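K.L.:
model this:
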Amino acid sequence: MQNNLEIDLVYKATWLDANDLTSRWSLSNHRLVSRIAQSNCMIASNLIYHVNKSVKSMVNWLLIPLIATLLTLWPSISSGLERLQADPGDTLLNLYLMEHVFQHVSNGQLLHPEGFWSPEFFWPIKNTLAWSDHLLGPSLIYGIIRITLDPFRTYFVWLSCTLILNYVAIRVALKKISPETMPTWLSMAALLTSFSPAIIVQLGHPQLLSLFLVGPVLTLSHRLLTKTPDQFTASDWLKLGSWLLANGFFNIYVFVYTCYGAMICAALHIYRRIKTKDSQIQLGRNFLLQALILIIIIGMNIVIYIPYLQTIQTFGKRSLDAILNNLPTPASWLYGASD
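P.N.:
Okay, the predicted model is just below:
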C-alpha cells in the first residue's frame, strides 16, 4: 500500500514536471517567435526608410535636373537632334573646337601643341585658336562621350551633362552653406539658380555654360564671410585660388566673374581681420598638398594662356577704355547687357 502511494506521488510529480517543462518551452517558443517578428519588423522598417531616403536622394540629385534639362533641350530632342540649340554660329563653333581638341588628342598629337593652336579651317593663319575660347575643360567631358557617339549626339549629351552638373554643384554648395535647410528647399534654390533665364540664355553661347566649378568657390567665399578670421586657414586660401584658376581652365570669362565675387568676399574678410586685429593665419590641413595643387594649376594656365599673349603681336594692345567697356556693369545683371 505504501509502495503504491509512493509510486503514485512520483508519477504525479513527474507529470507536473513534464507539464511545467512543456509550459516553459511554449512560453520560450512564444518569446522567440515574438522577438523574430519584432526583428523582422525592424528590418522591414529600416529597409523602407533607406528605400525612401534613396528615392528622395535620387529625386533631389538626379530626377529634378534631368527633367529640367529635358524641358530646356526639348527643341533639340523633338527634332531628333536635327536641330542644335540655339545660335547656329557659336553652337557650331563650339562643336568644331571641341571636336578639334578630341581629334588632336586621339590622333596622338598631344606633344605637338602647334597643331592644336592652329585648327585646319583657319589655314594658313597660325595660332588662331588663341583668338577665341580654347574649350579645353569642356572638351574633357566631350572627349569621353565622343568615344562612343558621333559629334552631334556627343554635343547634345555634353550639353545635358553640363546643365545637370551645374545643378549638382550648386546644390552641393548650398547644402554645405546651409546644412539644416530642408532638402526640398535646397533643390528648389539649386533649380532656380542653375536653370534661371540668365543661365539658359547662354545656350547660344555654350562656352559660358560650364559653371559647375563655381560651386566650391561659393562655399569657400561663404566661409570667408561667416567664419571667424582665424578659422580661414592658409590651406583654405590656397584651395580658393586653385578653384578660381580651375575655372580659368574651362572659361576665362567665368574665371573673371568668379574672381569678382571672391575678391569682394576676401576684402570683407580682410576688413574683419584688421578690425579685430587678427593677423595670425594658421596653416590648416594638407597645406603642402594644397600648395602643390595650386602650383600645378598655375603652370597649366601659364602654358595655356601664353599663346593668347602672343596674339598681341597680331592685333596690338587693347586700350584700357576698350577693356573696361567689355566688363559687366551692375545694372547688366538685372536688365541685360546694352548694345
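K.L.:
what's around the residue nearest to Leu208 when sequence neighbours are not counted, how many residues?
P.N.:
Once flanking residues are discounted, Leu208 sits nearest to Gln202: 4.5 Å by C-beta to C-beta, 6 or more residues apart in numbering. Heads up, the C-betas are built off the backbone N, CA and C, glycines and all. Counted with other C-beta atoms under 10 Å, residues neighbouring Gln202 total 16.
K.L.:
which helix or strand contains Glu114?
P.N.:
helix 113-116 (DSSP states H and E).
K.L.:
pull out the buried positions in that helix.
P.N.:
Across helix 113-116, burial judged by 16 or more other C-beta atoms under 10 Å covers Phe116.
K.L.:
after that helix, which helix or strand is next?
P.N.:
Scanning the chain past helix 113-116 towards its C-terminal end, the next helix or strand to appear is helix 136-146 (assignment: DSSP H and E).
K.L.:
and the very next helix or strand once past that next one, what does it pack onto?
P.N.:
Sequence-wise, the next helix or strand downstream of helix 136-146 (DSSP H and E) is helix 151-177. Helix 151-177 sits against helix 64-72, helix 88-106, helix 136-146, helix 183-194, helix 214-226, with contacts defined as 3 or more C-beta pairs under 8 Å, 6 or more residues apart in numbering; DSSP states H and E.
K.L.:
could those be laid out in TSV, adding mean pLDDT and mean neighbour count?
P.N.:
Written out in TSV, the entries for these read as follows (pLDDT from 0 to 100; neighbours: other C-beta atoms under 10 Å):
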stretch	mean pLDDT	mean neighbour count
helix 64-72	92	17
helix 88-106	87	18
helix 136-146	91	20
helix 183-194	92	17
helix 214-226	92	20
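K.L.:
what's the closest of these to Asn301?
P.N.:
helix 136-146 (10.4 Å; C-beta to C-beta).
K.L.:
what separation do you get for the residue nearest to Leu208 and Tyr257?
P.N.:
From Gln202 over to Tyr257 the distance is 12 Å, taken as C-beta to C-beta, to the nearest Å.
K.L.:
over to Leu244?
P.N.:
10 Å.
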